[in-house]
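> Show me how the following folds:
(one chain, ligands or ions: 1)
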Amino acid sequence: MKIAIINGPNLNLVGVREPGIYGSRSLAEYLNELVAQYPHVEFSLFQSNHEGAIIDELQRIGFDFDGIVLNAGAYTHYSIAIGDCIRAITTPVVETHISDVHARESFRHVSMIKDACATVIAGFGLDSYRRAVDWLIENAK
Ligand code: DQA
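I've put the predicted structure just below:
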């Protein structure tokens, strides 16, 4: 099984940015430990601060992989282009967030990608990524 974990803008700063919201653990370190717990899964890890680069990566893997864990960061709330891209590819995508976006500012309650995604997992801290991987293992082909 092949699963991609794609992170959008500012997620490279998790561990440093707003630790009261995102925690003080580095996301890269957490993800390296996470993937080691699934030796039977082939993972691809990608992070970019650029909308087009995220779209390029979704298109690159989106017809071949079995599942995608996507934390699009703030693009979640206004990127019609990423939403269109998720609709264009065939691999199921799990919209994933570290924080509970629905308990935060009202602009974070809007998701331009959720209708294109298979499910949404948010608010479990970094454990949201593990839950998203487990969801894909249970529900993707
Ligand atoms: C986030 C929530 C978004 O609203 C925010 O812009 C992020 C991170 C999360 O993981 O909780 O950058 O996607």
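
> what does this structure put close to the ligand?
10, 71, 73-74, 76, 97-99, 101, 108 (Cβ under 6 Å from any ligand atom). Heads up, the C-betas are built off the backbone N, CA and C, glycines and all.

> need the residues you listed in a markdown table with secondary structure and pLDDT, can you?
Listed next are those as a markdown table, based on DSSP: H, G, I helix; E, B strand; the rest coil; pLDDT from 0 to 100:
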| residue | secondary structure | pLDDT |
| --- | --- | --- |
| Asn10 | coil | 98 |
| Asn71 | strand | 98 |
| Gly73 | helix | 98 |
| Ala74 | helix | 98 |
| Thr76 | helix | 98 |
| His97 | strand | 98 |
| Ile98 | coil | 98 |
| Ser99 | coil | 98 |
| Val101 | helix | 98 |
| Arg108 | helix | 97 |
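
> And the buried ones among those, selectable in ChimeraX?
Buried residues within the residues of the chain next to the ligand, by 16 or more other Cβ atoms under 10 Å, are selected in ChimeraX with:
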select :71,73,76,97,98,99,101,108
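
> Can I get the helix ranked longest in the chain in PDB, CA atoms only?
The longest helix of the chain (DSSP state H) is helix 127-139. Written as PDB, here are the backbone C-alpha positions of helix 127-139 (Å, rounded to 0.1, in the frame of the first residue of the first chain):
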ATOM      1  CA  ASP A 127      -2.100  12.200  16.400                       C
ATOM      2  CA  SER A 128      -4.500  13.400  13.600                       C
ATOM      3  CA  TYR A 129      -2.000  12.100  11.100                       C
ATOM      4  CA  ARG A 130      -1.900   8.600  12.600                       C
ATOM      5  CA  ARG A 131      -5.700   8.600  12.700                       C
ATOM      6  CA  ALA A 132      -5.800   9.600   9.000                       C
ATOM      7  CA  VAL A 133      -3.300   6.900   8.000                       C
ATOM      8  CA  ASP A 134      -5.300   4.300   9.900                       C
ATOM      9  CA  TRP A 135      -8.500   5.500   8.200                       C
ATOM     10  CA  LEU A 136      -6.900   5.000   4.800                       C
ATOM     11  CA  ILE A 137      -5.600   1.600   5.700                       C
ATOM     12  CA  GLU A 138      -9.100   0.600   6.800                       C
ATOM     13  CA  ASN A 139     -11.000   2.300   4.000                       C
END
